[in-house]
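Student: Next comes the sequence, and after it the predicted model I'd like to discuss.
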Amino acid sequence: MSKNWTDKLPDLLEGYTEAEPEGLWDAVQAGMPAAKRRVAAVWWFAGAAALLAAAAIAAIVILRPSTPDTPVVAPVVIADSGEDELIVSAPEELAPQTVPSSPRIVPAQEIPAESEPIIDEPEPVVDEPIIDTTEPVVDSTEPVVDETVPVDEQTPAPVDEATTPEPPVPPSIIDTTPQDTKPVRHLPKLKPRVQVLFAFASQGQSASATTTGIGIPSNPGFIQGMMETKATGAAGNLSMLGRNKASTTDALHSQTARLSLGLKVDLNERWGIQTGLVSSTLESQFNSTAGSIQSTTSRTMKYLGIPLYGCYNVFEQGRLGMYLNAGPMYEFSTRTHTDTESFAGGRSTGKDSDETLVDDSKWSMNAGAAFQYRIRPHGALYIQPGISYYFKDKSPLETIYTEHPASFNLTFGYKFEF
Amino acid sequence: MKLARSGNPSGTRKLYERYVGYLTAVCSRYVVDKDRVKDILQEAFIKIFKGLDSFEYRGEGSVKAWATRIVVNDSLKALKASSKLVFTDQFPDEPEEDLPSLPNISAATIQEMIKGLPDGYRAVFNLYVFEKKSHKEIASMLGIKEDSSASQYFRARNALARNIKAYIKEHE
């Protein structure tokens, strides 16, 4: 009797070959550029988003001086500073349209006490006193109003009520020429806004359980995780020990902190676009039990997302403001870490860790309402409740995105504006 | 090999043609389903082509051994994920089958007999016989006890011996 007949099998089968599966080469070829195409698609998407943002900014810059859409409502205050020049006081935001090529800023204190404020005769636009003819203006932040000598009493010309509401007197007086005293137009203030925000998604957790007659159930997420685990690892699949025993796998999914860096550009007073980068961390834990055998797999996946949202500014009053945003986001996995530990009879039989990236990508639609509170001239805190919906795809991976495709989230952020 | 490492399409094609038949046979010893064999080989060849840059070439045999290792590992992963693998650490009461020597039997016939073994038997048998792994190594690879590996091998060997005997008897 020989026990070594199996030793001859390797030699017997050493040169043995089988016909390759039909279409294998085509599949290999398709698989190779597919990965490249995926990466390329991400860069194309990022590039397109950047181009879109750049185009929007360029459009703002180009269109701003030529497409005024808001009639003037701010005051233009004119004072005589000498023989041939007028002193016009105007709000700062009117300066680009009203200030001549070489404006001269004249401190209020320099105005001769004797000089009477006059109105451009053809189109007087002043309806209230602006210059104290007896004392120089000292506090430029307060309306410069001479209660005792109203301008309209000194100037017989009629006052255009429609074009001259009652504004505060601006802080400076600008030297200009008479032709610049025509009604001016006030353009919307367009501000590209860079946002840095820290967010915590409140998707919560989900649990699922699957039971099969024998072995580990075919839990897609678990399978994917296990397939990416090293075959040589000490912690193997529990199903191998679970012969003839029903096994159950409980999956628990969650999302931890979501970190975002965004760029928001206002296209006009109401509408804007927002893009950026969003980093998310998804965690899953799979607990499998087959009799006295247990296995625990913890998987952490990092995703990078590129959103493209449309924004609508509802209001901005004083320190408070609110805007809505909505749009799609493309996310792709950037890192996968898997820890697996097996137990037999309550004792650990081995651990295994793996860093192999599990390829995955997701499309989602997102919407939110942001409430902001300005704490600095160029900075504001904001909070944004929102909702996300992740579209189903063919990926077998099981995550919080697949288990809870629709979820609420809450974003806290700080926004720099410039 | 140089052409393949440089990314030349004809080089990768030649490398593929040189090993695809052998690797298909190796994969089929672990995984029976043809569609899954195709999927495994597809992923394996992609890994091979992508890994050529970092592969340290030490002759023809090193390429074959490296490619085989990738296919075997991917096959095991697929088996583990399929939930078909079942093991026991209890040795059967059956006696060891007596097989004097390996008879004059074709490689294709032996291959088919191995494919006919249950998944659990087959995985351990292939690792022990063809990959020259010890039961300790197999236990580590599959996450099972050494006794389980030995038990699976015993059962697989007995089952295969019975099949060979039956085949010989049938063709005498």
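Tutor: Looks like it arrived, so ask away. Residues are numbered from 1 along each chain as shown, chains lettered A, B, ... in the order given.

Student: Quick check: beta-bridge partners of A:R347?
Tutor: A:A344 (DSSP bridges).

Student: So what's the residue count around A:W5?
Tutor: Using other C-beta atoms under 10 Å in any protein chain shown, the number of residues around A:W5 comes to 17. In short, each C-beta sits where N, CA and C put it, glycine included.

Student: oh sorry, the question was meant for B:S54
Tutor: Neighbour number of B:S54 under other C-beta under 10 Å is 7.

Student: next one: the one 4 residues further on
Tutor: Using other C-beta under 10 Å, the number of residues around B:R58 comes to 10.

Student: So it: helix, strand or coil?
Tutor: At B:R58, secondary structure determined by DSSP: H, G, I helix; E, B strand; the rest coil is coil.

Student: For the longest helix along chain B, give the mean pLDDT please.
Tutor: Longest helix of chain B, by residue count under DSSP state H: helix B:146-171. For helix B:146-171, mean pLDDT is 86.

Student: which other helices and strands contact it?
Tutor: Applying 3 or more C-beta pairs under 8 Å, 6 or more residues apart in numbering or on different chains; DSSP states H and E, one finds that helix B:146-171 makes contact with helix B:107-115, helix B:119-129, helix B:135-142.

Student: among the ones you listed, which is the most enclosed?
Tutor: helix B:119-129 (a mean of 24; mean count of other C-beta atoms under 10 Å in any protein chain shown).

Student: related to what we said a few turns ago, make CSV out of the helices and strands packed on helix B:146-171 and add mean pLDDT and distance to chain A.
Tutor: What follows is the helices and strands packed on helix B:146-171, written out as CSV (pLDDT from 0 to 100; distance: least, C-beta to the nearest C-beta, whole Å):
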stretch, mean pLDDT, distance to chain A
helix B:107-115, 91, 4
helix B:119-129, 89, 5
helix B:135-142, 86, 5
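
Student: can you list those in a markdown table and add distance to B:L41?
Tutor: Output for these, formatted as a markdown table (distance: least, C-beta to C-beta, whole Å):
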| stretch | distance to B:L41 |
| --- | --- |
| helix B:107-115 | 16 |
| helix B:119-129 | 16 |
| helix B:135-142 | 20 |
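
Student: Pull the number of nearby residues for the residue in chain B positioned nearest to chain A.
Tutor: Proximity of chain B to chain A (C-beta to the nearest C-beta) peaks at B:G143, 1.5 Å away. B:G143 has 27 neighbours, counted by other C-beta under 10 Å.

Student: Need the three-state assignment for B:N104.
Tutor: What three-state DSSP gives for B:N104 is coil.

Student: Next, it: phi, psi?
Tutor: The phi and psi values for B:N104, taken as degrees, to the nearest 10, are phi -80, psi 90.

Student: the bottom helix or strand of chain A by mean pLDDT?
Tutor: The helix or strand of chain A with the poorest confidence is helix A:220-227; it has a mean of 36 (mean pLDDT, DSSP states H and E).

Student: next SSE after that helix?
Tutor: With elements assigned by DSSP states H and E, the helix or strand that comes after helix A:220-227 is strand A:247-266.

Student: For that following strand, which helices and strands make contact with it?
Tutor: Judged by 3+ C-beta pairs under 8 Å, 6+ apart, the packing partners of strand A:247-266 are helix A:24-63, strand A:192-200, strand A:206-212, helix A:220-227, strand A:271-290, strand A:293-317, helix A:400-403, strand A:406-417.

Student: if you set the cut-off to 6 Å instead, what comes out?
Tutor: Packing partners of strand A:247-266 (3 or more C-beta pairs under 6 Å, 6 or more residues apart in numbering or on different chains; DSSP states H and E): strand A:192-200, strand A:206-212, strand A:271-290, helix A:400-403.

Student: Just the CA trace of the last one, in CSV.
Tutor: The one in question is helix A:400-403. Output in CSV follows, covering the C-alpha atoms of helix A:400-403 (Å, rounded to 0.1, in the frame of the first residue of the first chain):
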residue,chain,number,x,y,z
ILE,A,400,-25.2,53.1,5.2
TYR,A,401,-25.7,54.6,1.7
THR,A,402,-27.4,51.4,0.5
GLU,A,403,-29.2,50.6,3.7
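
Student: Quick one: low-confidence residue ranges for chain A.
Tutor: A:1-3, A:33-248, A:290-293, A:345, A:350, A:356, A:396, A:418 (pLDDT under 70).

Student: follow-up on the earlier one: quick one, which of the helices and strands packed on helix B:146-171 is nearest to A:H337?
Tutor: Among the helices and strands packed on helix B:146-171, the nearest to A:H337 by C-beta to C-beta is helix B:135-142 (21.1 Å).

Student: could you check the angle helix B:119-129 makes with that closest one?
Tutor: Between helix B:135-142 and helix B:119-129, the angle comes out at 130 degrees (axes from the mean of the first three to the mean of the last three C-alpha atoms, to 10 degrees).

Student: Could you name the helices and strands sitting against helix B:135-142?
Tutor: helix B:146-171.

Student: buried sites along the helix it packs on?
Tutor: Neighbour counts over helix B:146-171 (16 or more other C-beta atoms under 10 Å in any protein chain shown) mark B:148-161, B:163-164, B:167 as buried.

Student: Quick check, the residue in the stretch 301-418 of chain A closest to chain B?
Tutor: Closest point on the stretch 301-418 of chain A to chain B, by C-beta to the nearest C-beta, is A:S342, at 5.6 Å.

Student: quick one: that residue is in a strand?
Tutor: Yes. Under three-state DSSP, A:S342 sits within a strand.

Student: Check whether it really touches A:S348, as I assumed.
Tutor: No. A:S342 lies out of contact with A:S348 (C-beta atoms under 6 Å); the separation is 7.1 Å.

Student: Comparing those two, which residue is more hemmed in?
Tutor: More neighbours surround A:S342 than the other of A:S342 and A:S348, with 26 against 13 (other C-beta under 10 Å).

Student: Could you say which helix or strand holds A:P385?
Tutor: Using DSSP H and E, A:P385 falls in strand A:379-390.

Student: If you count neighbours, what's buried in that strand?
Tutor: Buried-residue list, strand A:379-390, by 16+ other C-beta under 10 Å: A:A380, A:L381, A:Y382, A:Q384, A:G386, A:S388, A:Y390.

Student: strands paired with that strand, and their directions?
Tutor: Next to strand A:379-390 in the sheet, as set by DSSP bridges, lie strand A:361-376 (antiparallel), strand A:406-417 (antiparallel).

Student: what's the angle between the shortest one and strand A:247-266?
Tutor: When you say that, I think you mean strand A:406-417. Going by the same axes, to 10 degrees, strand A:406-417 makes 30 degrees with strand A:247-266.

Student: next one: the longest one
Tutor: If you take the same axes, to 10 degrees, strand A:361-376 sits at 50 degrees to strand A:247-266.

Student: Can you tell me what sits against strand A:361-376?
Tutor: A:319, A:321-326, A:328-332, A:380-384, A:386-391, A:401 (C-beta atoms under 6 Å, 6 or more residues apart in numbering or on different chains).

Student: okay, now the domains of chain B?
Tutor: B:2-82, B:107-171 (automatic domain parsing).

Student: Would you format these as CSV with distance to A:L397 included?
Tutor: Listed next are those as CSV, based on distance: least, C-beta to C-beta, whole Å:
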stretch, distance to A:L397
domain B:2-82, 13
domain B:107-171, 22
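
Student: Select, out of those, the one closest to A:H253.
Tutor: A:H253 lies closest, by C-beta to C-beta, to one member of the domains of chain B: domain B:2-82, at 18.9 Å.

Student: Quick check: B:T24 vs A:T17, distance?
Tutor: Using C-beta to C-beta, to the nearest Å, one gets 7 Å for the distance from B:T24 to A:T17.

Student: Could you do A:A370 as well?
Tutor: Relative to A:T17, and taking C-beta to C-beta, A:A370 is found at 64 Å.

Student: the more surrounded of the two?
Tutor: A:A370 (25 against 16).

Student: wait, what's in contact with the closest residue to the more buried one other than its chain neighbours?
Tutor: Sequence neighbours aside, A:Q384 is the residue nearest to A:A370 in space, at 4.0 Å (criterion: C-beta to C-beta, 6 or more residues apart in numbering or on different chains). Counting by C-beta under 6 Å, 6+ apart, A:Q384 makes contact with A:G368, A:A370, A:T411.

Student: Before I go, just wanted to say thanks for your time.
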